[in-house]
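In: The amino acid sequence is not available; the structure is as follows:
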């Protein structure tokens, strides 16, 4: 299997993936388009806003 990000912008990512059989031929292909969205603050049990820091690296 091989997966790649074909194109990436500030708000979108365009990806594809290919699955190969034993002879090296493509037997399945998939594409996906993903939009980055800002994480919204959630509310705790008391009703106050809780903002969790994003643990991903930039």
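Out: Alright, I've got the coordinates. What you are looking at is a predicted structure, and each value in this text was computed from that prediction instead of being measured.
In: Mean pLDDT per helix and strand in this structure: which one sits at the bottom?
Out: strand 49-50 (a mean of 74; mean pLDDT, DSSP states H and E).
In: Could you tell me which strands sit next to that strand in the sheet, and their orientation?
Out: On the basis of DSSP bridges, the sheet neighbours of strand 49-50 come out as strand 42-43 (antiparallel).
In: The strand it pairs with: how far from the chain's middle?
Out: Between the mean C-alpha location of strand 42-43 and the chain-wide mean there is a distance of 23 Å, by Cα atoms, centre = their mean, to the nearest Å.
In: Could you give the average pLDDT over it?
Out: On average, the pLDDT along strand 42-43 is 76.
In: Who are the contact partners of the nearest residue to residue 21 once chain neighbours are set aside?
Out: In space, not counting the residues next to it along the chain, residue 21 is nearest to residue 27; the distance is 4.7 Å by Cβ to Cβ, 6 or more residues apart in numbering. No exception for glycine: its C-beta is placed from N, CA and C like everyone else's. For residue 27, the contacting residues are 19-21, taking Cβ atoms under 8 Å, 6 or more residues apart in numbering as the criterion.
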